[in-house]
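Peer 1: build the 3D model from these lines:
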Amino acid sequence: MVKYHRGRVGEALREEIETLVEGELADPRIGLVSVSGVELAEDGRSAQVLVDVEGDDEEAERSLEGLDAAKGYIRHELADRLRLRRAPELFFRLDRAEREKARVEELLERARKRSKARRRPGGENA
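Peer 2: Numbering: from 1, shown residues only. All right, here's what the predicted structure looks like:
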């Protein structure tokens, strides 16, 4: 039952953090950032916030710096909006899953094209 509660709280945190990042943070270092997930620790005192940043690695690093600078404000807003006694300590981490997924799909598509090209010349699957 506690795990279920932690999952709900994690999703609520993700939604609120995304709202804050998209609309209320005015730090010019923060680029196009989307919050892909929040992993809440078992004791609820800390949370890994997985963010996906559009752009290259340099832009991602700048965005993470901006998010780290805004931690205090984000925690205060989370406690207020979600009526938490104590908002968890936030740790922002770059989530490259979407980028890696796109790269794997690209490689698979190349492999499919190569295998089709090999089968064509003979006319049959030789």
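Peer 1: what ranges do the strands span in this structure?
Peer 2: For the chain, strands defined by DSSP state E occupy the ranges 33-40, 46-53, 89-94.
Peer 1: same for the last one, what does it pack against?
Peer 2: Okay, so that is strand 89-94. Using 3 or more CB pairs under 8 Å, 6 or more residues apart in numbering; DSSP states H and E as the contact test, the elements touching strand 89-94 are strand 46-53, helix 57-69, helix 71-81. Just so you know, the C-beta spots here come from the backbone N, C-alpha and C atoms, and that holds for glycine as well.
Peer 1: got a markdown table for those, with mean neighbour count, distance to Glu106 and mean pLDDT too?
Peer 2: Formatted as a markdown table, the helices and strands packed on strand 89-94 follow (neighbours: other CB atoms under 10 Å; distance: least, CB to CB, whole Å; pLDDT from 0 to 100):
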| stretch | mean neighbour count | distance to Glu106 | mean pLDDT |
| --- | --- | --- | --- |
| strand 46-53 | 20 | 18 | 93 |
| helix 57-69 | 16 | 19 | 92 |
| helix 71-81 | 15 | 35 | 94 |
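Peer 1: to Asp95, which of these lies closest?
Peer 2: strand 46-53 (3.8 Å; CB to CB).
Peer 1: contacts for that closest one?
Peer 2: Outside strand 46-53, the residues that touch it by CB atoms under 8 Å, 6 or more residues apart in numbering are 10, 13-14, 17, 21, 31-41, 59-60, 63-64, 67, 88-99.
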